[in-house]
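> Make a model of this:
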Amino acid sequence: MTIVVPSAAEKTDLEFMLGAVTPGNQTLKLYVNNHTLADTSAETDLTEMSTHGYAAKTLTKTSWSVSAGSTGNPATGTYAQQTWTFTAAAAVTVYGYYIIDSTSGKLMWAEAFASPKVIQNAGDQIIITPTVTLSRV
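Sure thing, here's the model as predicted:
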């Protein structure tokens, strides 16, 4: 799917990019409500997973790997693969992930999975490699 940067996050993201505000670490979270991401989405629209041994993951701001763009290829930032391994319990559907700034708690971006993931067995996993690619117009 495509990353959505809601309007409310655009100002924060731009302040971080331009150095007007120093970003904190990020927090990677999974959401379990079937919310259609939109320009008006906010962190309060997303219900964070809270069962099956789940815990949000801290993304240290200095651990992103950024590759320069080139002709026809935009710049990309990538973080190391993040894996959740769950405990057994009643089925829970996970619809996507979102990233907040750990300092402000503000939503930075979110992405719905192409297909929701159902977690219900011990050992079920969700694996995400956070990646941000700038778009060329």
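> those helices in the protein, which residues are they?
For the chain, the helices defined by DSSP state H occupy 7-18.
> Any stretches of the protein with poor pLDDT?
Applying pLDDT under 70 to the chain flags residues 1, 136-137.
> And for it, the residue most distant from the center?
What lies farthest from the middle of the chain is Thr71; by Cα atoms, centre = their mean that is 27.4 Å.
> Pop out the phi and psi values for that one.
phi -50, psi 120 (degrees, to the nearest 10).
> in the chain, which strand has the most residues?
Ordering each strand of the chain by length in residues (DSSP state E) puts strand 107-119 first.
> who touches Thr36 in this structure?
Ala112 (Cβ atoms under 8 Å, 6 or more residues apart in numbering). Every residue, glycine included, has its C-beta placed from N, CA and C.
> just to revisit the earlier point, I'd like to know how far the residue farthest from the centre of the chain sits from Val5.
25 Å (Cβ to Cβ, to the nearest Å).
> ok, the residue farthest from the centre of the chain - contacts?
Applying Cβ under 8 Å, 6+ apart, no residues qualify as near Thr71.
> how about the strands of this structure, start to end?
26-31, 57-59, 65-67, 76-78, 82-85, 92-101, 107-119, 125-128, 131-133.
> For Ala42, find the nearest of those.
strand 107-119 (6.0 Å; Cβ to Cβ).
> Go ahead and confirm Lys117 touches Ala91.
No: shown here, Lys117 and Ala91 do not form a contact pair, counting by Cβ atoms under 8 Å, at 10.7 Å.
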